[in-house]
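Participant: this one's sequence-less:
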């Protein structure tokens, strides 16, 4: 939240209301715990494990060698533990800690399929069960949910060759984990965490004997949360493609677990899966990666390919997702995806980016225009990657179109912001709410037009953008307009002569070489294609950028930036054109 002459203004009151709602949620959760039925508060006793669900996440047996040598690489960060336990060290980042305590990495040890890997897995699980590590980090609801699913899926690895004492302690750990998640549901955790907990508890109820009551309660919560959180077009309320991928990787084995136990899967579960898979096709580029919108970083192509095998349509991707706020234009070799949706509801916006009207463009398997994407770790880098400047869209006076909850203001406001960040994460306090989009097919191509009001409150400006894709010509024509609305906005301009500085950015994929040439800017891909960018109505520059979504970490890249000044209104036109004679393989 940026300070101005009058402080935060409406943002300050949004912060106060948000804190009030979360305090009320905390109080309701405490009351719910006190009034919970004895069945929920009773200790969960697991009788036995009856099935081990499939883990659809791909594994890498070489990871077992790293583990044996004491190297733990999670979320783009590494820790060398030598001969010690990773639970005895300070985590390199919060995301690294989530991976460690979630135990999803056990699947790599299972892939090694050696006695040494099995012994290592039991040793690490024993360390955790014995209380080593940070209980606060392990206690977080999504981490506990991931750990419960991981223990159940990888139980054959952990239990093969184990003695009776370890087996009992392992079952007790599963029971404690399930009980914790049930209590989290009672105390009113934020909605995305409720869905995580419900999925994990359904796994536990299906895989374990003696806790059928957990399955009944968890199924009711799962149905309710899927109906609330999965939109009609298959998107999640967070608008985060990564959340959809991770959720589907859990829901598909859960569906099979229901069938394996001869229990009819809830219809809400079946509908959610059927709706979510086509949305991933909309956001998928020809290089098998997903568009970098609202929390999406590097794509694990193996995971995406595994999911799309379950898509019964196997057809042309859907082009229009009005509920999720995404559009796809496709013609010839060119694919364009655009973010034309309003900001995610506040409890779901912890990874949302300020990228309204941003877009990505591919030609064949080569990405050309991208957003920077979300890095795997690092709170400062992740906050930077969520800013409008990290997206291929327009910024006004270097401000983002969203306002995030940050620790600034008076001391009590800093305390409130810190408390909210611990409880909810770095959510979006305010963002574009009135976003309109329209698409039409013209004789020579496809047209998508959209507008948003993210800069209305501070600057009195509406941003409009128009894309015109001409597949036969291999060309994308674009138009950005900035329109002043509102008398109050005009009054804030001294003499209405100062205006505002606008930067329209196009982040270019690192594999594309960018240079000035007569007639514009040349973009040469490693696959042999050459494109020409040109613009009118603005100063055109090539500047450095960072591509956060690289598989090996952040990479240096370039961006094309159009600079213009806006007083009452302004517009700029631009074009990406594939040069005649360029390779079209």
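Facilitator: Arrived safely. Here the structure is a predicted model, which is why all the values come from computation and not from measurement. Numbers count the residues shown, from 1 in each chain.

Participant: What number of residues are in the vicinity of residue 198?
Facilitator: The criterion is other C-beta atoms under 10 Å. On that basis, residue 198 has 23 neighbouring residues. Quick note: C-beta positions are derived from backbone N, CA and C, even for glycine.

Participant: With residue 543 instead?
Facilitator: Using other C-beta under 10 Å: residue 543 sits among 12 other residues.

Participant: show me what contacts it?
Facilitator: Neighbour list for residue 543: 558-559, 561 [criterion: C-beta atoms under 8 Å, 6 or more residues apart in numbering].

Participant: can you tell me which of those residues are in helices?
Facilitator: Using DSSP state H, no member of those falls in helices.

Participant: Just give me the closest of these to residue 213.
Facilitator: Distances from those to residue 213 were compared by C-beta to C-beta; the smallest belongs to residue 559, at 55.7 Å.

Participant: what's the closest non-adjacent residue to that closest one?
Facilitator: Closest residue in space to residue 559, ignoring its immediate chain neighbours: residue 545 at 3.9 Å, by C-beta to C-beta, 6 or more residues apart in numbering.

Participant: Next up, identify which helix or strand residue 368 is on.
Facilitator: Using DSSP states H and E, residue 368 maps to strand 366-370.

Participant: And the pLDDT at residue 247?
Facilitator: We note a pLDDT of 98 for residue 247 in this prediction.

Participant: Can you give me the buried ones in the strand or helix carrying it?
Facilitator: With secondary structure defined by DSSP H and E, residue 247 is part of helix 241-260. Within helix 241-260, the residues that qualify as buried by neighbour count (16 or more other C-beta atoms under 10 Å) are 241-258.

Participant: cool, and stretch 564-579?
Facilitator: Neighbour-count burial for stretch 564-579, with 16+ other C-beta under 10 Å as criterion, is recorded at 564, 566, 570-578.

Participant: Contact partners for the residue nearest to residue 559?
Facilitator: With contact taken as C-beta under 8 Å, 6+ apart, residue 545 is in contact with 372, 507-508, 556-559.

Participant: Could you do residue 195 as well?
Facilitator: Residues touching residue 195, when contacts are defined by C-beta under 8 Å, 6+ apart, comprise 222, 225-226, 229, 247.

Participant: How about the secondary structure of it?
Facilitator: The local conformation at residue 195, judged by DSSP: H, G, I helix; E, B strand; the rest coil, is helix.

Participant: quick one: it from residue 140, how far?
Facilitator: Remark: distance between residue 195 and residue 140 (C-beta to C-beta, to the nearest Å) = 15 Å.

Participant: and if you look at residue 426?
Facilitator: Using C-beta to C-beta, one obtains 15 Å as the distance from residue 426 to residue 140.

Participant: contacting residues around stretch 143-150?
Facilitator: Applying C-beta under 8 Å, 6+ apart, the external contacts of stretch 143-150 come out as 53, 55, 97-98, 101-104, 106-107, 137-138, 174, 177-178, 180-181, 184, 193, 196-197, 199-201, 203-204, 250.

Participant: Who are the contact partners of residue 390?
Facilitator: Taking C-beta under 8 Å, 6+ apart as the criterion, residue 390 is in contact with 353, 355, 371-372, 384, 507, 548.

Participant: any idea which of those residues is the one closest to residue 528?
Facilitator: Checking the contacts of residue 390 one by one against residue 528 (C-beta to C-beta), the nearest turns out to be residue 507, at 21.8 Å.

Participant: Which secondary structure elements does the strand or helix carrying that closest one sit against?
Facilitator: Assignment of secondary structure by DSSP H and E places residue 507 within strand 500-508. Here strand 500-508 touches strand 366-370, strand 394-396, strand 539-547, strand 555-566, strand 569-578, going by 3 or more C-beta pairs under 8 Å, 6 or more residues apart in numbering; DSSP states H and E.

Participant: Looking at the contacts of residue 195, which one is closest to residue 520?
Facilitator: Using C-beta to C-beta as the measure, the one of the contacts of residue 195 that approaches residue 520 most closely is residue 247, at 42.7 Å.

Participant: got the contact list for that closest one?
Facilitator: For residue 247, the contacting residues are 195, 199, 236, 276, by C-beta under 8 Å, 6+ apart.

Participant: Which of the contacts of residue 195 fall in helices?
Facilitator: Using DSSP H, those in helices are 222, 225-226, 229, 247.

Participant: nearest to residue 111, of the helices and strands packed on strand 500-508?
Facilitator: Evaluated over these, closeness to residue 111 peaks at strand 555-566, with 28.2 Å, by C-beta to C-beta.

Participant: Report the buried residues of the closest one.
Facilitator: Taking 16+ other C-beta under 10 Å as the neighbour-count basis, strand 555-566 is seen to contain the buried residues 557-562, 564, 566.

Participant: circling back to that earlier point, same list (the helices and strands packed on strand 500-508) but as JSON lines, adding mean pLDDT and distance to residue 217.
Facilitator: Shown next, in JSON lines, are the helices and strands packed on strand 500-508 (pLDDT from 0 to 100; distance: least, C-beta to C-beta, whole Å):
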{"stretch": "strand 366-370", "mean pLDDT": "97", "distance to residue 217": "44"}
{"stretch": "strand 394-396", "mean pLDDT": "97", "distance to residue 217": "47"}
{"stretch": "strand 539-547", "mean pLDDT": "97", "distance to residue 217": "45"}
{"stretch": "strand 555-566", "mean pLDDT": "96", "distance to residue 217": "47"}
{"stretch": "strand 569-578", "mean pLDDT": "96", "distance to residue 217": "54"}
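
Participant: Just put the ones you listed in TSV and tack on distance to residue 320.
Facilitator: What follows is the helices and strands packed on strand 500-508, written out as TSV (distance: least, C-beta to C-beta, whole Å):
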stretch	distance to residue 320
strand 366-370	20
strand 394-396	23
strand 539-547	28
strand 555-566	28
strand 569-578	22
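
Participant: Tell me which of the ones you listed sits nearest to residue 90.
Facilitator: strand 539-547 (26.5 Å).

Participant: Direction included, what does the closest one pair up with?
Facilitator: The sheet places strand 539-547 alongside strand 555-566 (antiparallel), with pairing taken from DSSP bridges.

Participant: Tell me what angle the partner strand forms with strand 500-508.
Facilitator: Strand 555-566 and strand 500-508 meet at an angle of 150 degrees, taking axes from the mean of the first three to the mean of the last three C-alpha atoms, to 10 degrees as the criterion.

Participant: okay, the angle between strand 555-566 and strand 366-370?
Facilitator: Using the same axes, to 10 degrees, one finds that strand 555-566 and strand 366-370 are set 40 degrees apart in direction.

Participant: Now do the buried residues in the helix or strand hosting residue 95.
Facilitator: Assigned by DSSP H and E, residue 95 belongs to helix 94-102. Across helix 94-102, burial judged by 16+ other C-beta under 10 Å covers 95-102.

Participant: which residues sit against the helix or strand following it?
Facilitator: Remark: after helix 94-102, the chain's next helix or strand is helix 106-112, criterion DSSP H and E. Taking C-beta under 8 Å, 6+ apart as the criterion, the residues outside helix 106-112 that touch it are 55, 57, 59-61, 63-65, 67, 117-118, 120-121, 125, 150, 153-154, 156-158.

Participant: hang on, the earlier thing: let me have the buried residues of helix 94-102 in TSV, extended by distance to residue 80.
Facilitator: Output for these, formatted as TSV (distance: C-beta to C-beta, whole Å):
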residue	distance to residue 80
95	18
96	13
97	16
98	19
99	16
100	14
101	19
102	20
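
Participant: ok, these vs residue 392, which is closest?
Facilitator: residue 95 (25.0 Å).

Participant: Was I right to think that closest one contacts residue 102?
Facilitator: No: the pair formed by residue 95 and residue 102 falls short of the contact definition of C-beta atoms under 8 Å, at 10.5 Å.

Participant: Would you mind listing where this protein has pLDDT under the threshold?
Facilitator: Across the chain, residues meeting the criterion (pLDDT under 70) sit at 1-43, 313-315, 406-424, 486-498, 580-585.

Participant: And the most centrally placed residue in it, how far from residue 156?
Facilitator: Closest residue to the average C-alpha location of the chain: residue 295 at 3.0 Å, with C-alpha atoms, centre = their mean. Separation of residue 295 from residue 156 (C-beta to C-beta) stands at 33 Å.
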